[in-house]
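S.K.: Okay, here's the prediction I keep looking at, along with the sequence it came from:
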Amino acid sequence: MCGVITMAKATQLTQDVETSEMTMVEAICEAHDQELARDDRVMIMGEDVGWDGGIFRATDGLVETYGEDRVVDTPLAETGIIGTAVGLAINGMRPVPELQFSGFSYQAFHQIESHLARFRKRTQGGMNVPVTIRMPYGAGVRALEHHSESRETYWIHTPGLTVVIPRSPQQTWAYLKASIRSEDPVVFLEPKALYRKFREPVPEEDVDTDQLPDIGPAQVLEEGEDVTVVAFGHMLYRTRQAVAELEEEHDISATVIDLPTVSPLDSETIVDSVEDTGRCVVVQEAHRTLGIASEISARIMDEAVLHLEAPVKRVTAPDVQTPLLAREQAYMPDVPRIKEGIVETVDF
Amino acid sequence: MCGVITMAKATQLTQDVETSEMTMVEAICEAHDQELARDDRVMIMGEDVGWDGGIFRATDGLVETYGEDRVVDTPLAETGIIGTAVGLAINGMRPVPELQFSGFSYQAFHQIESHLARFRKRTQGGMNVPVTIRMPYGAGVRALEHHSESRETYWIHTPGLTVVIPRSPQQTWAYLKASIRSEDPVVFLEPKALYRKFREPVPEEDVDTDQLPDIGPAQVLEEGEDVTVVAFGHMLYRTRQAVAELEEEHDISATVIDLPTVSPLDSETIVDSVEDTGRCVVVQEAHRTLGIASEISARIMDEAVLHLEAPVKRVTAPDVQTPLLAREQAYMPDVPRIKEGIVETVDF
Amino acid sequence: MPIEQVDTPSEIPYIQILDQDGNVDEELEPQIPSSDLVDLYRTMVKSRKFDERRMKLQRQGRIGTFAPSHGQEAAQLGSIYATRDDDWFVQSYRELTANLWRGLEVEDDLLYAAGYEHGMELTGEENQTPIAIPIASQTCHATGIAWASKLKGNDRVTITYFGDGSTSEGDFHEAMNFAGVFETPTVFLCQNNQWAISVPRERQTASDTLAQKAHAYGMPGIQVDGNDILGVYHATKRAVDRARAGDGPTMIEAITYRMNVHTTADDPTKYRDEEDVEPWRERDPIDRFRTYLLEKDVLDEGDHDTIEEEVTEEIAEAVETFEDKAEELGDPEDMFDFAYSDEPPYLAQQREEFTDYWDRHDVWGDHHG
Amino acid sequence: MPIEQVDTPSEIPYIQILDQDGNVDEELEPQIPSSDLVDLYRTMVKSRKFDERRMKLQRQGRIGTFAPSHGQEAAQLGSIYATRDDDWFVQSYRELTANLWRGLEVEDDLLYAAGYEHGMELTGEENQTPIAIPIASQTCHATGIAWASKLKGNDRVTITYFGDGSTSEGDFHEAMNFAGVFETPTVFLCQNNQWAISVPRERQTASDTLAQKAHAYGMPGIQVDGNDILGVYHATKRAVDRARAGDGPTMIEAITYRMNVHTTADDPTKYRDEEDVEPWRERDPIDRFRTYLLEKDVLDEGDHDTIEEEVTEEIAEAVETFEDKAEELGDPEDMFDFAYSDEPPYLAQQREEFTDYWDRHDVWGDHHG
Ligand SMILES: Cc1ncc(C[n+]2csc(CCOP(=O)(O)OP(=O)(O)O)c2C)c(N)n1
Ligand SMILES: Cc1ncc(C[n+]2csc(CCOP(=O)(O)OP(=O)(O)O)c2C)c(N)n1
Ligand SMILES: [Mg+2]
Ligand SMILES: [Mg+2]
């Protein structure tokens, strides 16, 4: 325990809570722990989530506390994990499966697309499948092939799914809890480059659902006049650094919008801001073609093109297969690349 | 046999060839037949492609001609189909697997994303996997759940894949042959609503590769002044009807661009046209968020926003799960909806 | 030591109680109350009659594609009858007979087949899942549902249906393996109807039996004559009792035959001879059961006709109800319903855009194709 | 008739030729030329040494994650030695020993581990596939490759490697089933090293043996002591000969142990006791093979040290070559290469955009994190 804070920005909390400084991965573990304690329908399942504590330690120590029925080491089979999670949810549980890396979620793609995302619709609202699938995703930890992709597009383009990508320990804690309590299936993508990047005070106690953020709305983190900069997850972290440097170096004043929920996408907040600033830069780690930045650009085209003083700029990875680790830093947008994108847009 | 034609538009043919009137599905069968005859590395594989002749008859009669080794009824297992096709291709074959409906391609998603799309990259250009996966896709034939989706986005967003969607019997014949001969893996999405919609003269004889279209470039089908309309596959068919009616009813003159290859996307042709017309409508059957229309809109934003006299209009299905057959016609853009989109853009 | 044999399980019992001519094995004959026997018989007849009626409706374009149960009535009914009402029923898409036993309304089946999600409305209270079209995908759900029952400490069993072709899918493998590892109370009921569309059982897998696949997951496998309702009941009851007692899953291979088309979109003359089908007509599960019931004096000669008339009448009424309901469901706006538990603003905006358009155009016919 | 037993295959032979103490079963002892025996031994030692060296390089941050072979040298080498050079080798990610036998250059392994695709350059002429990370996915390729050999009418066999955990994936199931149906000349070599990261074999599946899973696909299954290079050779040779003769696939379960971390990202102290590992030290495949070779006078006492020195030297040189090569590969532009056979215009434009940026910034270090 390290303090008491109010954290309205990241978490929607209005009540003060005991916190301690945690990394993102510790915040995940803490959120798991609280939700397991709160609701005995919640269960964690996946490869190595039990006695190993998860290969990133996101479930560390939980099997010791909650036992093997609630923190389950499964066989090595992603379809089986998601398929049985759907069944568990149908029969009253709230499974929180971990897929070890998002690059291995494709093994379960059909269960996600064909069942998880459709069950509610198929049964006319009668049968919910409240499953939260956690997946570490994105580059930046010097991992192997298939361990560094950013493919949120696949899930965003799948109607019926909610897709959350948190930016910080606090936000992760809050949104993971909100996701687990949501009636909708959630794909929870964790930017593993941030897992241990920094610490924040994270509540050590459970809170009521009304203290947790609504899943959906974008969050305006900073208000500025010259340009609207949109990002989320790992790239938000880099974006804020870029914005800070630009403010200092070039006196650029930016509105910074975070998208903790990339689907459903809250384009209203972005469009409103762009109507004011007339300029927009979207930063994503994914490659360019049909990344979320394309959708944001298209929505601004729909709603606010007449307000634009510069084209919407997409700062993204190139349209190639994610390279192995030697090139991963060159592949991802970095702070200077983000700065160039913003300056270009402001100077347009 | 019904005549001799030159078909530069759809097929790139410069030589005259014997043709007969065929539906799209017959054109597929004809192309299969010719490629099987031409190159004994080519083989067809999939569920019910043999003695049944394919559930849509796209492989009708082929097993009788080429035998069970080259037209293979596989077990009911999409991962197995694509996974073994990758292996067959590695060892010198040119498999043309059929997945029975695109809605069942997700069972093989990981083999497509993790191997088919990456093998060439992974081996530094050394090992190609020339596999052409055919999948009937899209709505309009009163089929069951999972049989009517348009999810080309999944493949377009996967670097390393070529994605072809033909609009007519001629084009299907030409592009299927070109795809089978391509060194790159191709996802060949067949708009099943067009399978038997109309007939066109289709070559009954094989042609040299230089007579087949390049995979990649967009095709300008009509040149007009008021607006650029982009479509492909089934929606192109409806779009041309809409454009014809609008020309007649409102004297609107439209450039019509077909995208037989939705990935890699030839945005240059579109951007060039929009620089002239100042207006663009993109019609797609898929739901809106992160459909190809979003990417086109974003690229126009990048390259030609200053030329726009109206926002780029996306005429699409709504962002919901594809409904069952009673609502499929309401779900897909129809001729009046396309017309409204164009008129709105022209009148902006 | 050099080479020794490892002991692995290999037992696969094959069960038949009513033989092809309707003779019963008295030792194994289950004690089923007469009223249940009549209900079972009526359900089989209704299923067969409704299949015929649906076929006509489909040919007339009044409903879309469906997969008939014809020939598989005993495999479905003997097995579902071995479960309790509060057991979970996890279907694929061919289980009309089992569904009728579980209380499916004929009009709902038609509504669904006509393309209205409304026909598949479920609340979760029915202890059953909706139709699952992606082959074998439902077997994973069945393992999960059974697992949840076990975790919750209740004694409900989950039975799931799938075909011979379904055993080739990875989903089947993973569902069976999870069931074995977590010892879930699941009964895997494979209707081996010899065909997966056009692909015969022999080309689906090189395994001698489908039942023996169970051994790869540490569970027992049973073969049963799937056209023998008593045999299927017996085999399933054994598996259900075992599951309920906490002893884990079982796989049953019910050997039957798809007498009709795969679905109404299929043309079997392309790939199988009428000769292949012929011997199976002799093994008709309804005829066989009737012989038994007549022999047993549970039915008499006239009863069959009465039952047939009654169910035909019920079906006719249901068809009318279906058509009235379908008429009421004209408005396509409901495609926006149930996408999320709370409609996000962007979707609400689209709902407005589309309903506005639909209000101005009559666009949900086929005529704009 | 009532209940009868169906005959299903159940034979699983267990093979061991060199026992834990290095005693050989003379009847089964394969006749391997002495020079080959020495080469095999050298390869095992080199593999072990290189594993140690890689581990240090990884700890120093000079390469990324990798999966050591330590303990599994005999399982890999006995099996790959039973194949011909023109047979196909379809690996997963732990097959260092088999790769060394096939001619892998140590510097290429390091280059790949350091994150340069260049280390995995293959032309297709090597009759092997690159590292496959998605578990069991390569088994489908192996079936396809073998199938192609059969179609082309040549007699090449395909051997594929995977772990105990891999048997749980749908890909394994579908690969095995296709192999059974199409009778492909594939040898499925399962290295049962008892662990899938932290999950022990017993929790991976309820099947008594992994080998018996073969029966679900109509193919033979064999168990072998995976730390006995002669036993593994014998079992694999049997399977390879069978495949080459056109009699179809075989699955082999080589029982071995993962002596080290799963990968360098793993910490086994979290989930297994040193005690679990201890008994396996006695069964070390290299020690056992050395005893045999000494006994047989193929090696004498001093040879081991000489070999160790030689391979250590080779490795040291390769590490230098690797570092020179890595240095040369500074420019990240090559991430644009090989995406398509012809670069589309849009990508060419991006190539320009990115190289322009990279030229102006030194951005491929970690420092911008
Ligand atoms: C994943 C998947 N692939 C393909 C299909 C198309 N399909 C529908 S039914 C069927 C055959 C199923 O055979 P079987 O499992 O034996 O069941 P049966 O229809 O005979 O009852 C196929 C291939 C599908 N529905 N799902
Ligand atoms: C589809 C997929 N899921 C998860 C992983 C992560 N992963 C890598 S190795 C491994 C365990 C593999 O165990 P096993 O098959 O026994 O092989 P071993 O590593 O023991 O050689 C896991 C879960 C992966 N690489 N691919
Ligand atoms: Mg069947
Ligand atoms: Mg292992």
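M.R.: Cool, got the structure. Ligands and ions are numbered 1, 2, ... in the order given.
S.K.: Could you tell me how many residues sit around residue 144?
M.R.: Since no chain was named, I'll use chain A. A:L144: 22 surrounding residues under other Cβ atoms under 10 Å in any protein chain shown. (Glycine included, C-beta is placed from N, CA and C.)
S.K.: oops, chain C please
M.R.: 35.
S.K.: on contacts alone, who are the packing partners of the helix or strand encompassing A:E285?
M.R.: Element membership for A:E285 (DSSP states H and E) is strand A:280-287. If you count contacts as 3 or more Cβ pairs under 8 Å, 6 or more residues apart in numbering or on different chains; DSSP states H and E, strand A:280-287 packs onto strand A:227-231, helix A:233-250, helix A:267-277, helix A:292-304, strand A:313-317, helix A:335-346.
S.K.: same thing but at 6 Å, please
M.R.: strand A:227-231, helix A:233-250, helix A:292-304, strand A:313-317, helix A:335-346 (3 or more Cβ pairs under 6 Å, 6 or more residues apart in numbering or on different chains; DSSP states H and E).
S.K.: Might you report the residue contacts of the residue most central in space within chain A?
M.R.: Geometric centre of chain A, nearest residue: A:I165, 0.7 Å, by Cα atoms, centre = their mean. Going by Cβ atoms under 6 Å, 6 or more residues apart in numbering or on different chains, A:I165 touches A:189, A:232-233, A:262.
S.K.: and it, what are its phi and psi?
M.R.: phi -130, psi 110 (degrees, to the nearest 10).
S.K.: Most tightly packed of the helices and strands packed on strand A:280-287?
M.R.: strand A:227-231 (a mean of 29; mean count of other Cβ atoms under 10 Å in any protein chain shown).
S.K.: Within the sheet, what are the partner strands of that strand, with directions?
M.R.: strand A:254-258 (parallel), strand A:280-287 (parallel) (DSSP bridges).
S.K.: hmm, who's touching the shortest one?
M.R.: Strand A:254-258 is contacted from outside by A:167, A:218-224, A:227-230, A:232, A:236, A:243, A:270, A:273, A:277, using Cβ under 6 Å, 6+ apart.
S.K.: Kindly report the same for stretch C:171-187.
M.R.: Under Cβ under 6 Å, 6+ apart, the answer for stretch C:171-187 is A:75, A:77, A:79-80, A:84, C:136-137, C:139-140, C:142-143, C:146-147, C:150, C:157-159, C:166, C:217-219, C:239-240, C:243, C:248-250, D:168, D:170, D:173, D:205-206.
S.K.: now A:T123: how far from C:R351?
M.R.: A:T123 is 20 Å from C:R351, where distance means Cβ to Cβ, to the nearest Å.
S.K.: the more surrounded of the two?
M.R.: A:T123 (22 against 19).
S.K.: can you pull the pLDDT of residue 166?
M.R.: If you meant another chain, say so; for now it's chain A. On pLDDT, A:P166 comes in at 98.
S.K.: Correction: the question concerned chain C.
M.R.: 98.
S.K.: hang on, it packs against C:P134?
M.R.: No. The pair C:S166 / C:P134 is not scored as a contact, 10.0 Å apart, by Cβ atoms under 6 Å.
S.K.: Compare these two (neighbour count), which wins?
M.R.: Using other Cβ under 10 Å as the criterion, C:S166 and C:P134 rank with C:S166 on top: 26 against 23.
S.K.: ok, the residue nearest to A:D206 when sequence neighbours are not counted - how many residues close by?
M.R.: Counting by Cβ to Cβ, 6 or more residues apart in numbering or on different chains, A:Q34 is the residue found nearest to A:D206 once chain neighbours are left out, at 4.5 Å. Neighbour count for A:Q34, taken as other Cβ under 10 Å: 20.
S.K.: what's the answer for the one 10 residues further on, then?
M.R.: The number of residues packed near A:I44 is 26, by other Cβ under 10 Å.
S.K.: Across the sheet, point out what pairs with it.
M.R.: The residues that A:I44 bridges to, once DSSP bridges is applied, are A:V71, A:V96.
S.K.: separation between it and A:Q100?
M.R.: A:I44 is 13 Å from A:Q100, by Cβ to Cβ.
S.K.: go on, C:G170?
M.R.: 18 Å.
S.K.: More neighbours: those two, which one.
M.R.: Each of C:G170 and A:Q100 has its neighbours counted (other Cβ under 10 Å); C:G170 has more, 31 against 23.
S.K.: That one contacts D:E169, correct?
M.R.: No. Between C:G170 and D:E169 there is no contact under Cβ under 6 Å: 7.2 Å.
S.K.: So what's the residue count around the closest residue to C:N99 other than its chain neighbours?
M.R.: Using Cβ to Cβ, 6+ apart and skipping the chain neighbours, the partner closest in space to C:N99 is C:Q91 (6.8 Å). C:Q91 has 24 neighbouring residues, counting by other Cβ under 10 Å.
S.K.: and what of A:D16?
M.R.: Using other Cβ under 10 Å as the criterion, the residues surrounding A:D16 number 11.
S.K.: again with C:F172
M.R.: Residues near C:F172, counting by other Cβ under 10 Å, number 28.
S.K.: do you know how far the residue lying closest to it once chain neighbours are set aside is from C:G163?
M.R.: Spatial nearest neighbour of C:F172, excluding adjacent residues (Cβ to Cβ, 6+ apart): C:A136 at 4.3 Å. Separation of C:A136 from C:G163 (Cβ to Cβ): 9 Å.
S.K.: A:S273 now?
M.R.: 54 Å.
S.K.: now do A:K177
M.R.: For A:K177 relative to C:G163 (Cβ to Cβ), the value is 42 Å.
S.K.: Tell me which residues touch C:Q212, please.
M.R.: Contacts of C:Q212 (Cβ under 6 Å, 6+ apart): C:12, C:221, D:8.
S.K.: Let me know the closest of these to ligand 1.
M.R.: C:G221 (17.1 Å; Cβ to the nearest ligand atom).
S.K.: Kindly confirm whether my reading is correct that that closest one touches C:I12.
M.R.: Yes. Contact criterion Cβ under 6 Å: C:G221 and C:I12 qualify, at 5.3 Å.
S.K.: list residues touching both of these two?
M.R.: What both C:G221 and C:I12 touch, as defined by Cβ under 6 Å, 6+ apart, is the set C:211-212.
S.K.: before we move on, back to that, look at A:S273 and C:G163 and report which has more neighbours.
M.R.: C:G163 (28 against 23).
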